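*Asks:* Compute the structure for the input listed below.
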Amino acid sequence: MNRVEDLEAAILNRAEKLASEYKERAERRRATIIKEAGDKLRLREEHEVMMAKAQADLIYLRKVQASELKMKAHMDHLRWGLVQDIEHRMEDRMRAFVEQEDSYLQTLKSYLEQGAKVIESNDLIAEVNQTDLNRLTAIWNDFATEAAPGKNVALSPNPVNTIGGILIRSQDGRIRLDNTFEGRRERLRSRLHQIIVERLIPAAMDGSGMSL
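*Replies:* Next comes the predicted model:
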């Protein structure tokens, strides 16, 4: 083989090696591109799955919150209805009770006694409704002496608008105790709400007595 043939063989051999190197490099590049594309596709799919899950979680959370708000509104409505129902029943009981004159006058006397003890002034004024004013005017001196011995309690000639009970105040009006039905009901209202809430939370709405 002459020099020319040797040179041609060397060139061909070199060309084959370069071709093999380029082929291997291209295959590696192709594999890298495919891997990167696969990784990007996988990341995109994972991102889409995460976004879909986050969206589903958000929708679920909104449904839960809407359900909770609906339940709270229902419970508030139910609680208010129960409070009103109980207050109406208390009012009916009080109207019936004031017709039982002997028992009712004893209750009035205890209310007056309580007010006289709470208010430190010795000179007090008691106010009642028109029906009780008619009942008490003739017997007031003995009634007040028994309920508040040692104190001067005057019966106001001006009736107050109440179902029953008695309002006691100092003569200057600075201190007063509202022992009318409406006043006592108002003081019971927060406790009434508390009792109803305690019954509603465990869903055990068993009845309980309440006296005035």
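*Asks:* give the contact list for residue 123.
*Replies:* 151-152, 154, 170-171 (C-beta atoms under 8 Å, 6 or more residues apart in numbering). For the C-beta atoms, the positions are set from N, CA and C on the backbone; glycine is no exception.
*Asks:* Recalculate using a threshold of 10 Å.
*Replies:* 151-154, 170-172 (C-beta atoms under 10 Å, 6 or more residues apart in numbering).
*Asks:* Residue 67 now?
*Replies:* With C-beta under 10 Å, 6+ apart, residue 67 has no contacts at all.
*Asks:* what about it, helix or strand, and which?
*Replies:* helix 3-97 (DSSP states H and E).
*Asks:* next structured bit after that helix?
*Replies:* Going down the chain from helix 3-97, the next helix or strand is helix 101-118, by DSSP H and E.
*Asks:* what's the average pLDDT for that following helix?
*Replies:* For helix 101-118, the mean pLDDT works out to 92.
*Asks:* Now it - C-alpha only, PDB.
*Replies:* Output of helix 101-118 as PDB, limited to C-alpha atoms (Å, rounded to 0.1, in the frame of the first residue of the first chain):
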ATOM      1  CA  GLU A 101    -104.400  36.800  95.200                       C
ATOM      2  CA  ASP A 102    -103.100  35.300  98.500                       C
ATOM      3  CA  SER A 103    -100.100  33.600  97.000                       C
ATOM      4  CA  TYR A 104     -99.400  36.600  94.700                       C
ATOM      5  CA  LEU A 105     -99.500  39.100  97.600                       C
ATOM      6  CA  GLN A 106     -97.000  37.000  99.600                       C
ATOM      7  CA  THR A 107     -94.700  37.100  96.600                       C
ATOM      8  CA  LEU A 108     -95.100  40.900  96.300                       C
ATOM      9  CA  LYS A 109     -94.300  41.100 100.000                       C
ATOM     10  CA  SER A 110     -91.100  39.100  99.500                       C
ATOM     11  CA  TYR A 111     -90.100  41.300  96.500                       C
ATOM     12  CA  LEU A 112     -90.600  44.400  98.700                       C
ATOM     13  CA  GLU A 113     -88.600  42.900 101.500                       C
ATOM     14  CA  GLN A 114     -85.800  42.200  99.100                       C
ATOM     15  CA  GLY A 115     -85.800  45.700  97.700                       C
ATOM     16  CA  ALA A 116     -85.800  47.300 101.200                       C
ATOM     17  CA  LYS A 117     -82.800  45.200 102.200                       C
ATOM     18  CA  VAL A 118     -80.900  46.100  99.000                       C
END
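*Asks:* which helices and strands does that helix pack with?
*Replies:* Contact here means 3 or more C-beta pairs under 10 Å, 6 or more residues apart in numbering; DSSP states H and E; on that basis helix 101-118 packs against helix 3-97, strand 123-127, helix 130-136, helix 140-147, strand 152-155, strand 165-170, strand 176-180.
*Asks:* go with 8 Å
*Replies:* Counting contacts by 3 or more C-beta pairs under 8 Å, 6 or more residues apart in numbering; DSSP states H and E, helix 101-118 packs against helix 3-97, strand 123-127, helix 130-136, helix 140-147, strand 165-170, strand 176-180.
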